[in-house]
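**Student:** return a 3D structure for these sequence lines:
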Amino acid sequence: MIIATIVIIGAGGLVIYNNIEENRVRDENNSIVSDLESNMDQYSDLNDEGQVEKDLSWLDYGTAIGTDYSKTIDGIIYIGILYFPNIENLSVPVIDTCTDSLLKVSSCRYSGSMKTGDMIIAGHSYKAIFGRLESNMVVGDLIYFKDLAGNVYKYELSSIESLLPEDTQKMQQGDWDLTIFTCSYDNQERITYRFDLTD
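**Tutor:** Numbers count the residues shown, from 1 in each chain. Coordinates of the predicted model:
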């Protein structure tokens, strides 16, 4: 009886912790997306011909691997934002490097870059990051990556794979323009989304 009570209390504590983490990540990501988008808007204006001119002075040039322009916020280098139009309110900032601690903040560039057209992005299965992809994304869906210079890249989902966590070589093989991966619900697989750049 005592052991069962301890297990129930432990499980309840884990649920509470996970909810707190989900809320923290959601709030931080929303704040970062809002900050980056407002700066992109603030530093863009129409010229005499009615074309958008971008002032990139608020950005860092050449300090990131994933794109030419980046912005450092609270010591973290961001390179852009992923938009998932089929998933309500899902806009995910992308960090330039990938570490265990940065994955607790947002999605991260695992390898490749926008410049070479082979970027791989990792993210935890928090609802505010990639946790809703598995139940909402199907082949043919579109997503967008917006770099901080305001360039928008449109991608079409071409395949979904389940890979073993240790199968990093297979993760990086193939000729996809963008790959996104996250943990399965039971943490036994990496759900891998392969995208092709489209018009």
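**Student:** tell me the centre residue of the protein?
**Tutor:** What sits nearest the mean C-alpha location of the chain, by Cα atoms, centre = their mean, is residue 107, with 3.6 Å.
**Student:** I'd say that residue and residue 84 touch.
**Tutor:** No: under the criterion of Cβ atoms under 8 Å, residue 107 makes no contact with residue 84, lying 11.2 Å away. Glycine gets a C-beta too; all of them are placed from N, C-alpha and C.
**Student:** can you check which residues contact both of these two?
**Tutor:** Residues touching both residue 107 and residue 84 (Cβ atoms under 8 Å, 6 or more residues apart in numbering): residue 92.
**Student:** where does the chain have its least confident helix or strand?
**Tutor:** strand 44-46 (a mean of 74; mean pLDDT, DSSP states H and E).
**Student:** the helix or strand following that one - contacts with which helices or strands?
**Tutor:** Next along the chain after strand 44-46, taking DSSP states H and E as the criterion, comes strand 52-54. On a contact count with 3 or more Cβ pairs under 8 Å, 6 or more residues apart in numbering; DSSP states H and E, strand 52-54 meets strand 44-46.
**Student:** give me the below-cutoff pLDDT ranges for this protein.
**Tutor:** Applying pLDDT under 70 to the chain flags residues 1, 3-15, 17-18, 46.
**Student:** strand partners (parallel or antiparallel) of the longest strand seen in the chain?
**Tutor:** Taking DSSP state E as the criterion, the chain has its longest strand at strand 152-163. Applying DSSP bridges, strand 152-163 is found paired with strand 142-147 (antiparallel), strand 190-198 (antiparallel).
**Student:** can you redo those as JSON lines with mean neighbour count and distance to residue 16?
**Tutor:** Output for the strands paired with strand 152-163, formatted as JSON lines (neighbours: other Cβ atoms under 10 Å; distance: least, Cβ to Cβ, whole Å):
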{"stretch": "strand 142-147", "mean neighbour count": "20", "distance to residue 16": "32"}
{"stretch": "strand 190-198", "mean neighbour count": "18", "distance to residue 16": "26"}
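**Student:** closest one to residue 20 among these?
**Tutor:** strand 190-198 (24.2 Å; Cβ to Cβ).
**Student:** what about residue 149, neighbour count?
**Tutor:** 17 (other Cβ atoms under 10 Å).
**Student:** one step back: dump the strands paired with strand 152-163 to JSON lines, plus distance to residue 183.
**Tutor:** Shown next, in JSON lines, are those (distance: least, Cβ to Cβ, whole Å):
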{"stretch": "strand 142-147", "distance to residue 183": "19"}
{"stretch": "strand 190-198", "distance to residue 183": "6"}
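**Student:** to residue 97, which of the ones you listed lies closest?
**Tutor:** strand 142-147 (16.1 Å).
**Student:** residues in contact with the residue lying closest to residue 142 once chain neighbours are set aside?
**Tutor:** Ranked by Cβ to Cβ, 6 or more residues apart in numbering and with sequence neighbours excluded, the top spatial neighbour of residue 142 is residue 156, at 5.7 Å. Counting by Cβ under 8 Å, 6+ apart, residue 156 touches 140, 141, 142, 195, 196, 198.
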